[in-house]
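A.B. asks: no FASTA, just this:
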Ligand SMILES: [Zn+2]
C-alpha cells in the first residue's frame, strides 16, 4: 500500500506539472495572438464595425470565422497605436455547434469541396465522390428491386463495340434494363441503345454500355459472382457519370442535404472505387505545422 501511495503521489505530481506547463503555454499563445491582431495596420480581419447590423443567421459561403462565434469583449488597448481589430484569441476556441453529421458547415471551397469544423479540426469533403457514393448505394438498391426509371431516346444510339463485346450483350442486357438502359444487338459488332436513365446523357450512356460489355467479356466464373461484379461496375459507372462534378456551386441547403445523404450510406468514407471522400486536418497538426507546438 505504501508503495502504491508513493507511485500515486509521483503520478499526481507529474500530472500537476503537466497541467501547469500546459496552462503556461496557453497563456503565452493567447498573448501572441492578441498582439498579432492588435497590429496598428487598420485591418480588422473582418471584425464588424461598431453599430453594424448583427451577422446573418446563415453562414453562407466563405463566412469569416469571427462572424460565427459570439464576440467576447476584451480590454481595448489604449493609446494612439491601438488598431481597429481586437477580436478574442482564436486558437483554442471551441468549434461551433455541429449542424451536419460531419460537424459545423463552414461553406464550399472553390465550388468543389465542402469545408466543416468538428471537435478534431477541419473536415474537407470532396463533393463529387460524396455524391458518387450516395448514388452508388441508391443504384445498388434499385438494381435489387424494381426497374429504374428510363427515358426513350428520340433517335436510338448505335455503338460500334466490336463483335466479342456485342456477343456479351446477351449476358448483361437484363442487368442493363434494370438500371434503365434498353440495349439490343443491332449488328454483329454494333449494339443499339434505345432508352437511358434520366440523369445520363447519350455520350455517357454509350461509354457506360461499352465499359460493361468489356467487363463482361473478361469475366468468367460462378454466374452469381459475375452478376454481382457487373452490378458493382454498372452502379459505379452510373454513379460517377450522374454525380455532381467539381466546379459546381452548391447553396448551403444543398451542401447540408448532400452531407446528410452521405452520412446514411454504407461507407461515407470511401467511394465505390476506393477513393477517400473525407479529408481531415486536425487542430493539432495545423498548430504543429504553423509552429505553434
Ligand atoms: Zn467519379
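C.D. replies: Looks like it arrived, so ask away. It should be emphasised that the depicted structure is a prediction, and the values quoted were computed from it without experimental measurement. Numbers count the residues shown, from 1 in each chain.
A.B. asks: Secondary structure element holding residue 205?
C.D. replies: Using DSSP states H and E, residue 205 sits within helix 202-218.
A.B. asks: ok, which stretches of this protein are helices?
C.D. replies: 2-37, 65-68, 127-144, 163-167, 169-178, 202-218, 223-242, 252-263, 283-289 (DSSP state H).
A.B. asks: If you average pLDDT over each of those, which is lowest?
C.D. replies: Sorting those by mean pLDDT places helix 65-68 lowest, at a mean of 27.
A.B. asks: State the number of residues packed around residue 236.
C.D. replies: Using other Cβ atoms under 10 Å, residue 236 has 20 other residues around it. C-beta coordinates here come from the backbone N, C-alpha and C atoms, glycine included.
A.B. asks: hang on, it packs against residue 272?
C.D. replies: Yes: between residue 236 and residue 272 there is a contact under Cβ atoms under 8 Å: 4.1 Å.
A.B. asks: Identify the residue nearest residue 125 in space, chain neighbours excluded?
C.D. replies: Among residues not flanking residue 125 along the chain, residue 114 sits closest, at 4.3 Å (Cβ to Cβ, 6 or more residues apart in numbering).
A.B. asks: hey, what's the one you found bridged with?
C.D. replies: For residue 114, the beta-bridge partners under DSSP bridges are residue 108, residue 125.
A.B. asks: Let me see the contact set for it.
C.D. replies: Applying Cβ atoms under 8 Å, 6 or more residues apart in numbering, we find residue 114 in contact with 105, 107, 108, 124, 125, 127, 130, 250, 255, 258, 259.
A.B. asks: separation between the last one and the ion?
C.D. replies: Distance, residue 259 to the ion, using Cβ to the ion, to the nearest Å: 18 Å.
A.B. asks: Now do the contacts for the residue of the stretch 51-200 of the chain found nearest the ion.
C.D. replies: In the stretch 51-200 of the chain, the residue that lies nearest the ion is residue 132 (5.0 Å; Cβ to the ion). Residues in contact with residue 132 (Cβ under 8 Å, 6+ apart) are 236, 239, 240, 243, 271, 272.
A.B. asks: Please spell out which residues along the helix holding residue 205 are buried.
C.D. replies: By 16 or more other Cβ atoms under 10 Å, the buried positions in helix 202-218 come out as 204, 205, 206, 208, 209, 210, 212, 213, 214, 215, 216, 217.
A.B. asks: and of these, the nearest to the ion?
C.D. replies: Nearest to the ion among those, with distances taken as Cβ to the ion, is residue 204, at 11.5 Å.
A.B. asks: How many neighbouring residues does the closest residue to the closest one other than its chain neighbours have?
C.D. replies: Excluding its sequence neighbours, the residue lying closest to residue 204 (Cβ to Cβ, 6+ apart) is residue 241, at 4.3 Å. When counting by other Cβ under 10 Å, one arrives at 19 neighbours for residue 241.
A.B. asks: Next to the ion, which bits of the protein? Give me the list.
C.D. replies: 132, 240 (Cβ under 5 Å from the ion).
A.B. asks: and if we set it to 8 Å?
C.D. replies: 128, 129, 132, 239, 240, 241, 243, 271, 273 (Cβ under 8 Å from the ion).
A.B. asks: Does the last one touch residue 233 like I think?
C.D. replies: No: counting by Cβ under 8 Å, no contact exists between residue 273 and residue 233, whose distance comes to 10.2 Å.
A.B. asks: before we move on, back to that, now for residue 236 and residue 272: what residues contact both?
C.D. replies: 132, 136.
A.B. asks: coming back round to it: of residue 273 and residue 233, who's got more company?
C.D. replies: Remark: of residue 273 and residue 233, residue 233 carries more neighbours, 20 against 12, as counted by other Cβ under 10 Å.
A.B. asks: how about the nearest residue to the more buried one, chain neighbours excluded?
C.D. replies: Nearest non-adjacent residue to residue 233 (Cβ to Cβ, 6+ apart): residue 215, at 5.1 Å.
A.B. asks: before we move on, what about residue 98?
C.D. replies: Residue 98 sits nearest to residue 104 (Cβ to Cβ, 6+ apart), 5.3 Å away.
A.B. asks: Could you do residue 157 as well?
C.D. replies: Closest to residue 157 by Cβ to Cβ, 6+ apart is residue 193, at 4.1 Å.
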